[in-house]
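J.: Structure, please.
(one chain, ligands or ions: 1)
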Amino acid sequence: MANETIFKRYDGNPIIKPEEVAHANSIFNCAIVRYGKGYAGVFRVDTTRLLSELHVGFSEDAIHWKIQDQQIEMKGETSANYKTASCYDPRIVEIDGTYYITWCYYPVGIACHIGIATTKDFKRFTQMTQIMLPYNRNAVLFPAKVNGKFACLNRPSDPFHTAFGEVFYCESKDMIHWGNHQFVFGATSGWQRSKVGPGPAPIKIKEGWLLIYHGVRITCSGYVYCMGGAILDGNKPWKTRYRSKEYLLAPTTPYEMIGDVPNVVFPTSLLHDKKTNKLSVYYGCADTVVGLATADMDELVKFIKKTS
Ligand code: BMA
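T.: Numbering: from 1, shown residues only. Alright, predicted model coming up:
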């Protein structure tokens, strides 16, 4: 495809469509991780009432998914609002056998903040104390401690679909008290001239942390969401070492351009196969379906450095 730089779209895209789940209007931004002999995921399902819910799914090959019809039930003392809230854009990491899911959360009367829960088996989920004050979206944990502390990228917000957005970093000894807030990077020009936000959990590489993110430009007919790549410093992840000036994917195919929200490529999951060195990125397409694209890790790193 003409505008593919490094990531190539999977021929069978979109890999997940709303008709696979009862009462789904759309299934798009998702959090996918290796689990047992296969894969597990938490999916944003917007229902035919147009409420956003989190649903669990399982897959043997990370392409064909069986997603549950019911939303996840949360236990835990902070979960009182969960059932009636709009919950969306989950991200996931596994740290020492525990899966941490973060998501954007809209309980009635309280504008967007970050929900966080743990699970070990994708059956029982325990919601934890809020990790950030409202308003915030896109909290993405690192999959390993940085200098002995849990680490998180996030994007402060306002109650609405902000025209601004920058990536921030913070860290914690216990996943409850967070500090050392640092600016990481903001909007620049071209496809990422209006706002940016972190995508999937970063992956540790020799050069530091590989981060896939979304960049937005506001046009006369609305927001256009593209995917970009950066490499953050390994010890001080608020320092950006490289950041590609070219996008990695832009809305081009009909399923990325036409849907509930047109012109959206919104990456939220990234898997690295160490045997083949292949990266698979999962992204929401036009806020309606899930797309998959793949790239070679070394080629991607080279590309980000070259176009930085
Ligand atoms: C963001 C979130 C995402 C959505 C994106 C594009 O602000 O709402 O869920 O995919 O906008 O509409």
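
J.: Now do the residue in the stretch 51-200 of the chain that the ligand sits nearest to: how many residues are near it, please.
T.: Nearest residue of the stretch 51-200 of the chain to the ligand (C-beta to the nearest ligand atom) works out as Asp89 at 4.7 Å. Yep, even glycine has a C-beta here, placed from its N, CA and C like the rest. Asp89 has 24 neighbours, counted by other C-beta atoms under 10 Å.

J.: Are we agreed that it is in a strand?
T.: Yes: under DSSP: H, G, I helix; E, B strand; the rest coil, Asp89 sits within a strand.

J.: so where's the stretch 201-308 of the chain uncertain?
T.: Under the criterion pLDDT under 70, no range of the stretch 201-308 of the chain is flagged.

J.: Around the ligand, which positions in it sit nearby?
T.: Residues of the stretch 201-308 of the chain lying close to the ligand (C-beta under 6 Å from any ligand atom) are Tyr225, Val261, Val264, Phe266, Gly284, Asp287.

J.: what residue is smack in the middle of this protein?
T.: Thr268 (2.4 Å; C-alpha atoms, centre = their mean).

J.: Tell me where this structure has helices.
T.: Along the chain, the segments classed as helices by DSSP state H run 254-257, 297-306.

J.: what does the shortest one contact?
T.: Okay, so that is helix 254-257. Asn13, Pro14, Pro251, Asn263, Val264, Val265, Cys285, Ala286, Thr288, Val289, Gly291 (C-beta atoms under 8 Å, 6 or more residues apart in numbering).

J.: how about 10 Å then?
T.: 9, 13-14, 17, 224-226, 249-251, 262-266, 283-286, 288-291 (C-beta atoms under 10 Å, 6 or more residues apart in numbering).

J.: Buried residues of that helix, list them for me.
T.: Tyr255, Glu256, Met257 (16 or more other C-beta atoms under 10 Å).

J.: Extract the C-alpha set from it and format it as PDB.
T.: Provided in PDB are the C-alpha atoms of helix 254-257 (Å, rounded to 0.1, in the frame of the first residue of the first chain):
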ATOM      1  CA  PRO A 254     -12.000   2.200   4.000                       C
ATOM      2  CA  TYR A 255     -12.200   0.500   7.500                       C
ATOM      3  CA  GLU A 256      -9.800   3.200   8.900                       C
ATOM      4  CA  MET A 257     -11.600   6.100   7.200                       C
END
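
J.: low pLDDT regions in the stretch 1-150 of the chain?
T.: In the stretch 1-150 of the chain (pLDDT under 70), the answer is 1-2, 108.

J.: switch the cut-off to 90
T.: 1-3, 5, 76-86, 105-113, 129-134, 137 (pLDDT under 90).

J.: interface residues of it facing the ligand?
T.: Going by C-beta under 6 Å from any ligand atom, the residues of the stretch 1-150 of the chain near the ligand are Asn29, Tyr88, Asp89.

J.: Let's see that with 5 Å instead.
T.: Residues of the stretch 1-150 of the chain lying close to the ligand by C-beta under 5 Å from any ligand atom are Asp89.

J.: now the strands for the stretch 1-150 of the chain?
T.: 8-9, 24-35, 38-47, 52-59, 65-67, 74-75, 86-95, 98-106, 113-119, 125-127, 136-141, 150-156 (DSSP state E, counting those that start in this stretch).

J.: With distance to Arg241 added, can I get those strands in a markdown table?
T.: Listed next are those as a markdown table, based on distance: least, C-beta to C-beta, whole Å:
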| stretch | distance to Arg241 |
| --- | --- |
| strand 8-9 | 25 |
| strand 24-35 | 26 |
| strand 38-47 | 30 |
| strand 52-59 | 33 |
| strand 65-67 | 35 |
| strand 74-75 | 37 |
| strand 86-95 | 21 |
| strand 98-106 | 24 |
| strand 113-119 | 26 |
| strand 125-127 | 35 |
| strand 136-141 | 18 |
| strand 150-156 | 15 |
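
J.: that older thread, need the helices of the chain in JSON lines with distance to Thr240, can you?
T.: JSON lines is the format used below for those (distance: least, C-beta to C-beta, whole Å):
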{"stretch": "helix 254-257", "distance to Thr240": "27"}
{"stretch": "helix 297-306", "distance to Thr240": "11"}
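
J.: in stretch 132-152, what counts as buried?
T.: For stretch 132-152, by 16+ other C-beta under 10 Å, it's 132, 134-144, 146, 149-152.

J.: Since that was my last question, I'll sign off now.
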